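>>> task: produce atomic coordinates for the following.
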Amino acid sequence: MRFALAAGDLVAQFKLNFINGDRWKWILQGLLATLEITAVALVIGIVIGVIVAAVRSSYDKNKESMKVRGGIGYALLSAANAVCKVYLTIIRGTPSVVQLLICYFIIFSSWENGVPVAMISFGINSGAYVAEIFRSGIMSVDEGQFEASRSLGFGYLPTMRYVIVPQAFKAVLPALGNEFIVLIKETSIAGYVGIMDLTKAGDLIRGRTFSAFMPLIAVALIYLCLVLLLTWLLGKLERRLRKNER
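Okay, here's the model as predicted:
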């Protein structure tokens, strides 16, 4: 009897939160917005991260020899490295929610749509962490790999592209995957600038129905499923890369 009452109560709560008023569409809309923001921010973060990591690692590896030669090349690389260090310090030293608010209310205040603002903000934030992940991977590659590639006639950029970066990617894949997972969950603050993301959708349902358990647990389970799916995909990619090494 009690089980039947409990089951009936759950069904009633489900109908109240998701069926009545087609509120399930809010969850779907929020999920799509979350995936859209995450995907674009991920691309932006990887592009920024690779560029910053290349500049920082190039400076660390070549600063002594370039300093002896001097010239415009050393000055440009030093300036680029200084800019990258300032970027990393600011982004990693301030909360992502504050960065999002600054982007929305100050830098891109004329934009009416908050979704592209969130994409840029999260992308810039993720780029700082991706940069340090890639830099550690590049620095971990044996110097002999670089020297062997140069001895075969490869220039610096082809060496980085075809020899160093692929090996660094394999080394940092677990840490990179963890950053992607953090990025998915970090987008939950997008509601601060009025974006209907997954978390905001659950909170709106809670505000309409005055029932917190069902919508918030549903949001948490959806995030959990996304993380599990990404973890599974990363695991498959790691196994495939290991097979290719053989």
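>>> worst-scoring helix or strand of the protein, pLDDT-wise?
helix 2-14 (a mean of 66; mean pLDDT, DSSP states H and E).
>>> so which elements touch the longest helix seen in the chain?
Longest helix in the chain, counting residues (DSSP state H): helix 24-69. Judged by 3 or more Cβ pairs under 8 Å, 6 or more residues apart in numbering; DSSP states H and E, the packing partners of helix 24-69 are helix 71-93, helix 114-140, helix 165-186, helix 198-209, helix 213-245. Where C-beta positions appear, they are placed from N, C-alpha and C, glycine not excepted.
>>> the same query, at a cut-off of 7 Å, please.
Contacts defined by 3 or more Cβ pairs under 7 Å, 6 or more residues apart in numbering; DSSP states H and E place helix 24-69 against helix 71-93, helix 114-140, helix 165-186, helix 198-209.
>>> nearest to residue 26, of those helices?
Proximity to residue 26 (Cβ to Cβ) singles out helix 198-209 among the helices and strands packed on helix 24-69, at 4.2 Å.
>>> ok, residues contacting the closest one?
16-17, 23, 26-27, 29-31, 34, 188, 191, 212, 215-216, 218-219, 222 (Cβ atoms under 7 Å, 6 or more residues apart in numbering).
>>> make a ChimeraX selection of the buried ones in the residues you listed.
Selection of buried members from the contacts of helix 198-209 for ChimeraX, criterion 16 or more other Cβ atoms under 10 Å:
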select :16,17,23,26,27,30,31,34,188,191,215,216,218,219,222
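>>> test my guess that residue 122 contacts residue 41.
Yes - Residue 122 is in contact with residue 41 according to Cβ atoms under 7 Å; the separation is 3.7 Å.
>>> what's the overlap in contacts for these two?
residue 183.
>>> and the residue nearest the centre of the chain?
What sits nearest the mean C-alpha location of the chain, by Cα atoms, centre = their mean, is residue 183, with 4.0 Å.
>>> low-confidence regions, the protein specifically.
1-8, 64-70, 156, 244-246 (pLDDT under 70).
>>> what distance do you get for the closest residue to residue 219 other than its chain neighbours to residue 208?
Spatial nearest neighbour of residue 219, excluding adjacent residues (Cβ to Cβ, 6 or more residues apart in numbering): residue 202 at 3.7 Å. Distance, residue 202 to residue 208, using Cβ to Cβ, to the nearest Å: 11 Å.
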